[in-house]
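**Q** predicted structure and sequence below. I'll ask about it afterward.
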Amino acid sequence: MRPLISIILPVYNVEEFLGKCLKSLEAQNSKEYEIVIVDDGSNDNSLQISQNWLGRYSNIRVYQKKNGGLSSARNYGLDKAYGEFIMFVDPDDEIVPYSLDAQINLLNKYNCDTLIRNFKVVDANNESIKKKDIHNFIFENNLLSGEESLKILLEQKMPHFAWLGIFKRALFVKHNIRFPEGRRFEDSAVMYRLLGESKSVYFDNNKTYLYRQNRASIMHNVRADDAESLWMNVVEMENYFKYQHKKLKDDVKVYGISRTLNALIISYKSGSQNLILENEMKKFILKNFKSKYIQSNLFKSQIIRIYLLRLGILKTIYLFTNKIRMKK
């Protein structure tokens, strides 16, 4: 019998949390789902843990592949998935017990292409981390069109994590949506396409995904090539919106400037010497900053940085800050 949902679980050296993750995935009443574990060349006990769980539950499949990164593992899982819907879970995270049952009911009730659920940030002991940052989102329980959902994403009223959603597998197949391999921030490269190609999206404000704050994660470790990854995502998004959802063109520019400014600051902070890339990003920001709509929809801190960029002193400030940090 074909499962309703395929849960894709990319695994790489997560022996500390993998058992907890799998336990949470199996703590559901419904059996209308499968778990597709893709071991991405782990060199700890992650594969053994996966195989132990394989022997206990009939809805688990385990695959082993050469290390290729998160995007590669997710794409591999997509190729092996049987379900009508796709759901991504990171192996150091968990889902709330029995929450999948309610979400299956919502998928059946609203016949939507995508379901977006809310999440809670937790520590290693699953204790909630309460702080006012980008993780504090409130969704209205509501059925929206793909374009309405895109506007929410572009206005940064929701994050772009792929594990937020349960998506029809047909979206990936029909529109050839794949995670970009060999670069970081892969979620932001696909989320706008998945929402944009969805006819309907249901937002569920229940915080049923437990996102474990990991200081070693991509969100907390900045690399010089992160700037290029972010910039490539912006360029691809600009090309996508040239032909689709033209009503959102101004929102796309605001989002693009915001992401590009982040990329430029990462380049400055990392001490990158890629002047060609920095000049491309600077040109994009200053060219599109002229619009009054864009200026009125950016944060004050972003506007200040753009004025400093226009004056030619933003990079100098970050280079000076880097020197002070290194002395400490």
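**A** Arrived safely, thanks for sending.
**Q** for the stretch 51-200 of the chain, which segments count as helices?
**A** Using DSSP state H, counting those that start in this stretch, the helices of the stretch 51-200 of the chain run over 70-80, 99-110, 146-154, 169-174, 187-196.
**Q** nearest to Lys290, out of these?
**A** For the helices of the stretch 51-200 of the chain, the distance to Lys290 is smallest for helix 146-154, at 19.1 Å, taking CB to CB. Every C-beta, even on glycine, is put in place using the N, C-alpha and C of the backbone.
**Q** which strands and helices lie in contact with that closest one?
**A** Of the remaining helices and strands, those touching helix 146-154 by 3 or more CB pairs under 8 Å, 6 or more residues apart in numbering; DSSP states H and E are strand 114-122, helix 187-196, strand 200-212, helix 249-270.
**Q** now could you export just the CA positions of that helix as CSV?
**A** Extracted in CSV, the C-alpha atoms of helix 146-154 (Å, rounded to 0.1, in the frame of the first residue of the first chain):
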residue,chain,number,x,y,z
GLY,A,146,0.3,29.8,-3.4
GLU,A,147,0.8,33.5,-4.3
GLU,A,148,-0.6,34.6,-0.9
SER,A,149,1.8,32.2,0.8
LEU,A,150,4.7,33.6,-1.2
LYS,A,151,3.9,37.1,-0.1
ILE,A,152,4.2,35.9,3.6
LEU,A,153,7.6,34.3,2.8
LEU,A,154,8.9,37.4,1.0
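**Q** would you mark the buried spots in that helix?
**A** For helix 146-154, a neighbour-count test (16 or more other CB atoms under 10 Å) marks 146-147, 149-154 as buried.
**Q** at the geometric centre of this structure, which residue do we find?
**A** Geometric centre of the chain, nearest residue: Phe161, 2.3 Å, by CA atoms, centre = their mean.
**Q** I'd say it and Phe185 touch.
**A** No: assessed by CB atoms under 8 Å, Phe161 is found out of contact with Phe185, at 10.7 Å.
**Q** leaving out the residues flanking it, which one is nearest to the residue nearest to the centre of the chain?
**A** Asp187 (5.4 Å; CB to CB, 6 or more residues apart in numbering).
**Q** how many neighbours does that neighbour have?
**A** Residues near Asp187, counting by other CB atoms under 10 Å, number 22.
**Q** what's Val38 in contact with, if anything?
**A** For Val38, the contact set (CB atoms under 8 Å, 6 or more residues apart in numbering) comprises 8-11, 63, 65, 73-74, 76-77, 80.
**Q** and of those residues, the nearest to Asp250?
**A** Closest approach to Asp250 among the contacts of Val38 (CB to CB): Arg74, at 31.6 Å.
**Q** follow-up on the earlier one: now the buried members of the contacts of Val38.
**A** Buried, going by 16+ other CB under 10 Å: 8-11, 63, 73-74, 76-77, out of the contacts of Val38.
**Q** turn the helices and strands packed on helix 146-154 into TSV, columns for distance to Lys242 and mean pLDDT.
**A** As requested, these are exported to TSV (distance: least, CB to CB, whole Å; pLDDT from 0 to 100):
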stretch	distance to Lys242	mean pLDDT
strand 114-122	23	92
helix 187-196	13	96
strand 200-212	22	93
helix 249-270	9	94
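**Q** quick one, which of the ones you listed is nearest to Glu32?
**A** That would be, of these and by CB to CB, strand 114-122, which comes in at 14.1 Å.
**Q** as CSV, the helices of the stretch 51-200 of the chain with distance to Ser267 would be great.
**A** Output for these, formatted as CSV (distance: least, CB to CB, whole Å):
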stretch, distance to Ser267
helix 70-80, 22
helix 99-110, 39
helix 146-154, 23
helix 169-174, 32
helix 187-196, 17
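**Q** nearest to Ile116, out of these?
**A** helix 146-154 (7.4 Å).
**Q** residues contacting the closest one, please?
**A** Residues contacting helix 146-154 (CB under 8 Å, 6+ apart): 113-114, 116, 144, 158, 160, 191-192, 195-201, 203, 245, 247-248, 251-252, 254-255.
**Q** if we use 6 Å, what do you get?
**A** Under the criterion CB atoms under 6 Å, 6 or more residues apart in numbering, residues 158, 195-196, 198, 201, 245, 251, 255 lie in contact with helix 146-154.
**Q** most neighbours among those residues, which one?
**A** Leu195 (29 neighbours).
**Q** residues contacting it?
**A** Going by CB under 6 Å, 6+ apart, Leu195 touches 146, 149-150.
**Q** so which of the residues you listed comes closest to Ile306?
**A** Leu150 (24.2 Å).
**Q** can you tell me how far that closest one sits from Tyr318?
**A** From Leu150 over to Tyr318 the distance is 32 Å, taken as CB to CB, to the nearest Å.
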